[in-house]
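Colleague: need a structure here:
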Amino acid sequence: MILQAQESDRRSPTDLNNLYVRARSGQLIPLANLVTLSELAEPGTLNRFNRLRAITLSAGLVPGYTLGEALDWMRQVAAEELPDTAQIDFKGESREFQKAGGAVAFTFAMALLIVFLVLAAQFESFVHPLVIMLTVPLAVLGALLGLWLWGSSLNLFSQIGIVMLIGLAAKNGILIVEFANQLRDQGREIREAILEAAAVRLRPIVMTSIATVTGALPLILASGAGAASRVTIGVVVVFGVTLSTLLSLFVVPVFYLLLARFTRSPEAVAREIQEQEHRHPDVETA
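Modeller: So this is what the prediction gives:
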C-alpha cells in the first residue's frame, strides 16, 4: 500500500513542513525534522538506442581533421575512460560512414574475385590471371601516394576510385600476357616471348595510360560545388594509373618469366594433335 498526500499539499518541497507523523509517544512531529531534502539534476527523459539506455554525444569536426580520425580518437578515449560495462554505438553521419567503409571493402574484394575468375576463364589458367592482377597493388600504392601528396584522406570517394583502378590497372597486364601467349603459340620460348611482348605492347600501354590520365585531369582541376569529391577520385585515378603503368612494364614480365614455366601455351594441345596427325596420317582422330 502506498500513501500519497493530495496534490495541493505536495506542490513544493516546503510543503513537507506541513506534514506531521506520530511518534511512539503519540506526539505529532513535523516530517521536516526527520528527513533531509536535496535537489538533483536529472534528465527529463531517458533516451534509448538499440534497446539500451543511451546518452547521445554530438560534435563538429575541427578543420583539418577527418571523420575517421575523430571516430578513432573517440574509441581510444572511450576505452581509456569508460568502464567495461559501457558500450558505444554510432548513428547519423558516423553510422553511415561505418557502413559505407565496410561496404566498399566488400565491393573491392568482390571486384578482385570477379576480375580474377573472368581472366581465368579467358586464359584457361590460374597463373596468367595472377600475373595480371599483380598490377592492382601497384595501382593502389600509387593512389595512396597521391592522396598523401595531395593532403587528402582515404574516404568514400577515394575508395570508389580505388575500385575503379582494378580494371584500369589490369589492362596493362592483359596486353602483355595475351601477346606473350600468342608468341608462345607460334613456338617461341618463354623468355623470348615475354621480352618481345613487353617491347611491342609498350606503345599501346603508354597511349592508353596517357588517355586515361588526361581524361581524369579535369576532375583534379574542377572547382565549385562538389569539387572536393571529384578531386579525390581524380587524384586516385591519375596517380594510380601512372605508377601502375611505370612499374607494370617491369613487374609483369618478371613474374611471367618466373611463373609461366608452370603453364602451357593456350594452343599447346591443338599443336600436339596437329603434329600427331602429320606423323600418323592413317590414324583417325575423334
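
Colleague: Just the mean pLDDT for the helix or strand where Arg75 lies, thanks.
Modeller: Using DSSP states H and E, Arg75 sits within helix 67-81. Per-residue pLDDT values across helix 67-81 average out to 82.

Colleague: How about it, which residues are buried there?
Modeller: 67, 70-71 (16 or more other C-beta atoms under 10 Å). Where you see a C-beta, it was placed from the backbone N, CA and C, and this is true even at glycine.

Colleague: One more: stretch 178-190?
Modeller: Buried, per 16+ other C-beta under 10 Å, within stretch 178-190: 178-181, 183-184, 188, 190.

Colleague: my read: Leu154 touches Ala143, true?
Modeller: No. Assessed by C-beta atoms under 8 Å, Leu154 is found out of contact with Ala143, at 9.1 Å.

Colleague: Not counting stretch 231-242 itself, show me its contacts.
Modeller: Applying C-beta atoms under 8 Å, 6 or more residues apart in numbering, the external contacts of stretch 231-242 come out as 139-140, 142-143, 145-147, 149-150, 152, 155, 157-158, 160-162, 164-165, 168-169, 209, 212-213, 216-220, 222.

Colleague: what about stretch 42-62, start to end distance?
Modeller: 30 Å (C-alpha to C-alpha, to the nearest Å).

Colleague: repeat for stretch 32-52
Modeller: Using C-alpha to C-alpha, the end-to-end distance of stretch 32-52 comes to 38 Å.

Colleague: Identify the residues contacting the nearest residue to Glu93 once chain neighbours are set aside.
Modeller: Leaving aside its chain neighbours, Glu93 sits nearest to Leu67 (7.0 Å; criterion: C-beta to C-beta, 6 or more residues apart in numbering). Residues in contact with Leu67 (C-beta under 8 Å, 6+ apart) are 61, 93-94, 97, 155.

Colleague: and what of Leu52?
Modeller: Leu52 touches Gln87, counting by C-beta under 8 Å, 6+ apart.

Colleague: ok so, going back, chain center to the helix holding Arg75: distance?
Modeller: Mean C-alpha position of helix 67-81 versus that of the full chain (C-alpha atoms, centre = their mean, to the nearest Å) differs by 20 Å.

Colleague: give me phi/psi at Ser25?
Modeller: With angles defined as degrees, to the nearest 10, Ser25 sits at phi -80, psi -10.

Colleague: So what's the residue count around it?
Modeller: Ser25 sits with 6 neighbouring residues when counted by other C-beta atoms under 10 Å.

Colleague: still on that earlier bit, what's the separation between the residue nearest to Glu93 and Gly92?
Modeller: Using C-beta to C-beta, to the nearest Å, one gets 11 Å for the distance from Leu67 to Gly92.

Colleague: ok, back up a step: next helix or strand past the helix holding Arg75?
Modeller: Taking DSSP H and E, what comes next after helix 67-81 is helix 93-123.

Colleague: Any buried residues in that next one, and which?
Modeller: In terms of neighbour count (16+ other C-beta under 10 Å), helix 93-123 has its buried residues at 94, 97, 101, 104, 108, 111, 115-116, 119, 123.

Colleague: returning to what we had before: and the residue nearest to Glu93, how far from Val163?
Modeller: Look at Leu67 and Val163: by C-beta to C-beta, they are 20 Å apart.

Colleague: got it, and Leu183?
Modeller: Noted for Leu183: a distance of 33 Å to Val163, by C-beta to C-beta.
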